[in-house]
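Participant: I would like to see how this sequence folds:
(chains A, B, C, D and E, ligands or ions: 4)
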Amino acid sequence: MAAIFSKRNVVIGLIVLAALFPYVARNDYYLHVLTLAFIWMIAVYGLNLLAGFTGYLSLAHAGFFAIGAYALGLLTVKAEMGFWPAFLLAPVITTGIGFLVGIIALRTKEHFFAIYTLCVGYIIYLVIDKWEGLTGGVRGLIGIPAPADIGPISLSTPIAQYYFVLTILLLVILVIYRIIHSLTGKTFIAIRNSEDLALSLGISTIKNKLLSFVLSTFFAGVAGALYASFIRFIGPDIGNLNITFDLLVYMIVGGIGTLSGPIVGTLLIVWLSQNLQFLQDYRMLIFGPLLTLIVIFSPRGIVGFIAGWFTNWKLRRKVNINQAQEQAEEV
Amino acid sequence: MDVLFQQLFNGLTVGSVYSLVALGLTLVYGILHIPNFAHGALYMVGAYITYTMMTSLGLHYVFAIVVSIISVGLISVLMERIVFHPLRDSTPIQHKVAAIGVLLFLEALAHYIWGADYQQMVTPYGQVIEVFGLTLTMQRILIVVTAIVAMILLYLFLKKTYTGASIIAMAQNREGAHLMGINTNKVAMLTFFIAGVLAALGASLTSPINLVFPSMGHLVILKAFVIIIIGGMGSIPGAILGGYILGFSESIGATYISSDYSDIIAFVLLIIILTIKPQGIFAKGEA
Amino acid sequence: MLSLRDVSVQYGNYTAIQNINIEVRSGEIVVLLGANGAGKSTTFRTISGLNKPATGDIFFEGSSICSLTPDKIVKAGIVQCAEDRKLFPEMSVQENLMMGAYVHRRKKKEIKHTLEEVFELFPILHEKRNQAAGSLSGGQQQMLAIGRALMSKPELMLLDEPSIGLAPLIVEQMFESIQQINQDGTTILLAEQNAHAALSIANKGYVYENGNIVVEGSSKELFANEEVRKAYIGA
Amino acid sequence: MLETRKLTKQFGGLVAVKDVDFSLEHGKINAIIGPNGAGKSTFFNVVSGLYRPTSGQVIYKGKDISKLPANKVAELGIARTFQTTHLFEMATVFDNVVVGHRLRTQSNLLDSIFRTKRLKQEEEKCKEKALEVLKFVGLSKSVDRMVTNISQEEKKRVAFALALATDPEIVFLDEPTAGINPDETAELSQLMEKMAQQGITICLIEHKMQMIMKLAEKIMVLNYGEKIAEGTPDEINHNEEVIKAYLGGSASA
Amino acid sequence: ACSESNETGGGDNGESGNSGGQSEGVVNIGYSGPLSGPAAYYGENTLSGLEMAVEEINEEGFEVDGTTYKINLETLDDQYLPNETAANAKRLKQEHDTPIIFTPHSGGIAALQVFNEQEEFIVAAYSSEPAITEAGNSLTVRIPPNYEGYLEPFTNYQMERFGPKLAALPPVTQYGQDWAEALIPHWEEQGGEVVYNSSIDFSKDTDFFTMLTNALEADPDVLFIGGPSEPTAKVAQQARELGFEGGFMVMDQAKLDEMKAVMGGSYEPLEGAIGTMPLVNADYPGSADFVEKYRATHDKDPGSEAGFHYLSMYVFVEAMKASGTVDDAKAIHEHIQDGLDALPDDKKVYEIPSIGENGGFEINTSVAAVEDGQITPIALD
Ligand SMILES: Nc1ncnc2c1ncn2[C@@H]1O[C@H](COP(=O)(O)OP(=O)(O)OP(=O)(O)O)[C@@H](O)[C@H]1O
Ligand SMILES: Nc1ncnc2c1ncn2[C@@H]1O[C@H](COP(=O)(O)OP(=O)(O)OP(=O)(O)O)[C@@H](O)[C@H]1O
Ligand SMILES: [Mg+2]
Ligand SMILES: [Mg+2]
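Facilitator: Ligands and ions are numbered 1, 2, ... in the order given. Next comes the predicted model:
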């Protein structure tokens, strides 16, 4: 039983499932929603690295997402750069701005950091909204190109885009996995645990926090660039606080500080909100309480809940086995 | 010169409302240690209830406000009981998400009950008064005076009564307060009640000079967060002062800098303050 | 005046204390001894109503207090001075003390009087009365915690390791103060690591091990007990 | 090796540490005692770089380190524990300690992402170090237990292990035996002696005089931030001022 | 995880297009707009016109190629987010095979124009954004009027009646920005002067006094205002409170009649305001009828969003009839002009003689001003 569900097999199974999905579903709508969910996931992974593993909750994440999107949009539409150079440059630009923000923002802690970044996010949004000369203001940017073909591979069909985004998502997960399970990740966790302690262990907290922050903006930038090339229209709304809230919800529902949380949370919530569409105007009437209930009854997110249940199950099994053995011995 | 005075008065009006909302937020922050994102929704509901009392039941503006602040106070208490009380031992991030859930719900509910349209609240105090070249309306004077009276009362309550002090005590150490014989449940409910009252009062006072609509709480709440940071999280005088600082800097900023960017002022102000003093201006202790 | 009968307490499925029986008579000083994690604080928390017993019952002056909330228990006359002090860090020393008198909030005069008594007992608190409690050093905070507990004029005071982190001179004073408080009519239940000092002022003691009481007796008996001497008194 | 010169730390109006000159006995156990609020923890915080001194210097191996951030101080070989142990409760003992050796490693983000040879080697090194120090403090058996489930005394040992994992030359211990019974206190004192035997200079804050008098070779007494005495246990025991300010009647309580 | 979802909604309408010999069929028409969140009031206004039209049409059905069809309006909420609009459109197309999808915001429209030609559905676009039609999308119909027709009458009237100094306070919306950008140069060309220019954000500003104080400091003769009627009215009201005595140029989104309601039911404070002829006062062949019906069902006066959507649903039905198909988006699009021509008089809430090259409706506008407390039509030209 357990062997079939070993971590490795589950991972491989999921990847195969994701790869086969377009052929099973054969539905543009599902493909579209799932592709978009993958893009959100990438952003959520960035948020999770910072909030879940380093202990700093940034509320500017949608802002950086928007910077990534606008960087790609402006480079391709206004600077008429080719898609691929722009796609590489967009996350770099985001990261650069993230670096500048991080240097200052990371001087603050806890709620101050959360609210500081909230304000940074809002300022990014307002700047995009008001700087018409550059961003087109409320009109947004129209005509962003789809990913350019790579040699013979065309990336303009929905299926091709799906695979393109999936590939990047898998890369992101791999990178995150490696970071978390390496010394770098352990350093982040040490900082989350106690900054004073980390400092006196010789860890440069400033450097590492900045690294984590910059990485998180990098992933936000990647996600933003993918979004821009997928939807091919962007407006200031994608930098809005609501998007940050969405990402936050995906992360919390999935399980903050866990590796699979972003996937689980994003899929669940996206699925839910699509399915509550029949309620139309009033879907938030259901969705809001549902969200609250999830948080109340599964505070460590779905993944934390399952993990807890699983450990309990293992414990109980152990007890059962022991009892069984005892009984056997008695017999 | 006239413009300056007129704008100072405008800033005073807006600042009064900001302060009221921020006060509730900062009180709840003190107990919960989290920013209650749903506070803006209480603000909005407060305006709607006053509006409904006036239009459907034909109550006088003042009585409508009384009904509204009590109802919103109770809704706020209910929110504490149903959502935040069960979450009392969990992390701040969970509070935030739960509060977002409540916010979405209340907005959808308002949308459901009152529709998405703008509603108009008519004040009996619409008279225009000219004093020393300043244009005031009775409503605006009412806002400023009521807000200041409410704040003084609150301050006296917190500082001079044991019940008030128990709120502050609980904010600092919940179990400690419990061990002193303070019924922490009651205090939490009381705090939420006061916060709800202040939000509803602020909303009911401003609605006649603006309109009532489901998303009316959005920016107010964001600014209230800025205020409580500027004023020091959980600090009562800080919230009051912060509200007025923001009110004035917006009206003055819109006049002498740029009105297109007047909304940014609050946020830039905060960024500057936190950049210089990462713990906020009124933060105590620490090197 | 206080008796615990067969009390067990669980954290999740971990049993922190098991079938504890304790009897405290009016006017006594009773001490709980035991290693870290033996369950002393858990006992205190349960008496104060912060934890609920899984089994057993607690009686105070003849009536069960098991179902009461912590604030009701304080009103009944049991106050706890907890392990980690639980002060109000941003309130001033004096405000902290005033909060201690919360249950007597209507009797303004008496409060003032008690406050003077506490200041007499701990002059340093008077000196620092306008300073925020959080900025006091560890020892000063401990004094404040005890002072604050005294403000409620309890009949029974629970003191959870009051000497933790205190300088020897202060420890000495502390125990003197405790004795003083006791002589003024407050019954005291005390948890201590510092068994020597505690037993010297106590009437009787209970020794905890892994959530069970393994030895109990008068302080003389405990002093005489070889094992107790070795494990808790040292040398 | 490490000394302070006129070290002063002020919080607003309060002078927590005032003009303290002190030098550590190399390879020995040094102790700082004093009444509560005397400024002992603050002294540690300044020396270990968590606080900047208001004035004065900390000299280590002839170099002024008073302006260095705490992590640089740690890199120079100065480790510390805290009065209240903060460990990561949701992780195992091993996971808590393994990061202690991080400061002696070079690998960066790219190493982590590409799992380079250097990273693997260094991870191995950190693991070995963690196991080594856990063995040293006597926790070999508890390596895989969750920190939440271990006793207070074991937590103190983990804190020791963490400090040791940084390969320190000097270790500052802030009340390492607070809240621990006499039996366990004795065990921890042995551990400290063992550390000193390994050539590590120790400086500790304690209120347990019996233990201090037995362990320490040199004691400094602080009162209201000022050094009021310094010397061997014997000298301190008979110092009038110390008895008056701190020890009280029964010096061996 | 999405795979098992949403099957139910689509099932019963699946056979819509190919109903062959049967005499009854259903056409699914899609709508994606903001039905929750801050812009919901706008979404609902647009939707209300469509719903009214659909209800009326379904009473009898309409006949195309021998089959009688009814319309099934599938509505989805997109919260004003383009990515949601795109997802909704994919869903509408996949599950309901909608040949026409209405969407009332330019972000959503732009997102749909990326794939509407491949997937063959008409974007019924309610937006004044020029880029929507300039993109050369062959399956887009731009519904709302071109505001340029208002510039001249507004300017002439105000300049003549009040003077040359204009303070512009457009709302921070696409539409408001477009308006202001067209108006300001025109005003200046006519010899006017713009003494103040700043946008108002109704979702963000708590009080308009600050901005108005500054605007009035420049001593303007005319204020340019606009946005949803209610807040626009608030701006006008507060301007009066601050002592402004000049005229208002009211952007066409706001309706004079609705503004009147906010200002205490009298046109008096709006004296000298010029704006679009309120639907309630308009004399197009179908407007009186429409207003009456709308009032009966919605208990309020209709806005132009509702009117235009109502009418365009009829235009599409006529276009389907003319093209002889209910599912070939291209064919329907080609017959829009026929649809416009065939539109019965009693449905003419507005007058739309033609659709332009680029897919935009060309609409005859009519203008009114408040004179002596009365709505007075202003003759164009
Ligand atoms: N909140 C809790 N959740 C789970 N276990 C707990 C909790 N609090 C205490 N415990 C466990 O219960 C046992 C008894 O703890 P308690 O604090 O009562 O001991 P103690 O005798 O007061 O020890 P100390 O001398 O350290 O204060 C310990 O094993 C401890 O780990
Ligand atoms: N961050 C701070 N801000 C303000 N004052 C402080 C701060 N830290 C310590 N103090 C003050 O400095 C003085 C010295 O405190 P410190 O913690 O160093 O004492 P200590 O000797 O370690 O006492 P204890 O033995 O009780 O731990 C105390 O009066 C304390 O109130
Ligand atoms: Mg204890
Ligand atoms: Mg200390």
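Participant: only C-alpha atoms from now on, for both contacts and neighbour counts.
Facilitator: Fine.
Participant: hmm, who's touching stretch A:14-26?
Facilitator: Here stretch A:14-26 makes contact (C-alpha atoms under 8 Å, 6 or more residues apart in numbering or on different chains) with A:31, A:159, A:163, A:166, E:3.
Participant: against residue E:295, how distant is the first one?
Facilitator: The gap separating residue A:31 from residue E:295 is 43 Å, by C-alpha to C-alpha, to the nearest Å.
Participant: between the two, who's got more neighbours?
Facilitator: residue A:31 (22 against 12; other C-alpha atoms under 10 Å in any protein chain shown).
Participant: am I right that that one is in a helix?
Facilitator: Yes - membership of residue A:31 in a helix is supported by DSSP: H, G, I helix; E, B strand; the rest coil.
Participant: if I pick whichever residue of the stretch 1-150 of chain D sits closest to chain C, what's in contact with it?
Facilitator: Proximity of the stretch 1-150 of chain D to chain C (C-alpha to the nearest C-alpha) peaks at residue D:37, 4.3 Å away. Going by C-alpha under 8 Å, 6+ apart, residue D:37 touches C:136-140, D:16, D:224.
Participant: list phi and psi for it.
Facilitator: Main-chain dihedrals, residue D:37, degrees, to the nearest 10: phi 80, psi 10.
Participant: so which of the contacts of stretch A:14-26 are in helices?
Facilitator: Among those, the members falling in helices (DSSP state H) are A:31, A:159, A:163, A:166.
Participant: most surrounded residue in those?
Facilitator: residue A:31 (22 neighbours).
Participant: which residues of chain C fall in strands?
Facilitator: For chain C, the strands defined by DSSP state E cover C:2-11, C:14-24, C:29-34, C:55-60, C:63-64, C:78-81, C:156-160, C:187-192, C:204-209, C:212-218.
Participant: quick one on the thing from earlier: turn the contacts of residue D:37 into CSV, columns for distance to residue B:279 and pLDDT.
Facilitator: Conversion of the contacts of residue D:37 to CSV gives the following (distance: C-alpha to C-alpha, whole Å; pLDDT from 0 to 100):
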residue, distance to residue B:279, pLDDT
C:136, 20, 83
C:137, 22, 76
C:138, 24, 72
C:139, 27, 76
C:140, 26, 83
D:16, 22, 90
D:224, 28, 85
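Participant: so which of the residues you listed comes closest to residue E:121?
Facilitator: residue C:136 (73.1 Å; C-alpha to C-alpha).
Participant: pull the contacting residues for that closest one.
Facilitator: If you count contacts by C-alpha under 8 Å, 6+ apart, then residue C:136 has residue D:37 around it.
Participant: now it: how far from residue B:180?
Facilitator: For residue C:136, the distance to residue B:180 - C-alpha to C-alpha - is 20 Å.
Participant: domain parsing for chain D?
Facilitator: Following automatic domain parsing, one gets these domains for chain D: D:1-77+D:168-253, D:90-167.
Participant: distance of the residue in the stretch 151-253 of chain D that chain A sits nearest to from residue D:77?
Facilitator: Per C-alpha to the nearest C-alpha, residue D:166 is where the stretch 151-253 of chain D lies closest to chain A, at 6.4 Å. Distance of residue D:166 to residue D:77, computed by C-alpha to C-alpha: 7 Å.
Participant: of these two, who's got more company?
Facilitator: Comparing residue D:166 with residue D:77 by other C-alpha under 10 Å, the one with more neighbours is residue D:166, at 31 against 19.
Participant: dump the contacts of stretch A:14-26 to TSV, plus distance to chain B and pLDDT.
Facilitator: Output for the contacts of stretch A:14-26, formatted as TSV (distance: C-alpha to the nearest C-alpha, whole Å; pLDDT from 0 to 100):
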residue	distance to chain B	pLDDT
A:31	28	90
A:159	34	88
A:163	32	92
A:166	28	94
E:3	26	37
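Participant: which one of the residues you listed sits closest to residue A:112?
Facilitator: residue A:166 (35.6 Å).
Participant: tell me who's in contact with the closest one.
Facilitator: Contacts here follow C-alpha under 8 Å, 6+ apart; on that basis residue A:166 touches A:18, A:35, A:38.
Participant: and which of the residues you listed is nearest chain C?
Facilitator: Using C-alpha to the nearest C-alpha, these come closest to chain C at residue A:38, 38.1 Å.
Participant: what's the helix or strand for the closest one?
Facilitator: Using DSSP states H and E, residue A:38 falls within helix A:28-48.
Participant: which helix or strand lies directly C-terminal to that helix?
Facilitator: Past helix A:28-48, the next helix or strand by DSSP H and E is helix A:61-73.
Participant: okay, angle between that following helix and helix A:28-48 too, please.
Facilitator: Put simply, helix A:61-73 runs at 120 degrees to helix A:28-48, going by axes from the mean of the first three to the mean of the last three C-alpha atoms, to 10 degrees.
Participant: quick one: mean pLDDT for whatever helix or strand comes next after helix A:61-73?
Facilitator: Later in the chain than helix A:61-73, the nearest helix or strand by DSSP H and E is helix A:83-105. The pLDDT scores in helix A:83-105 average 94.
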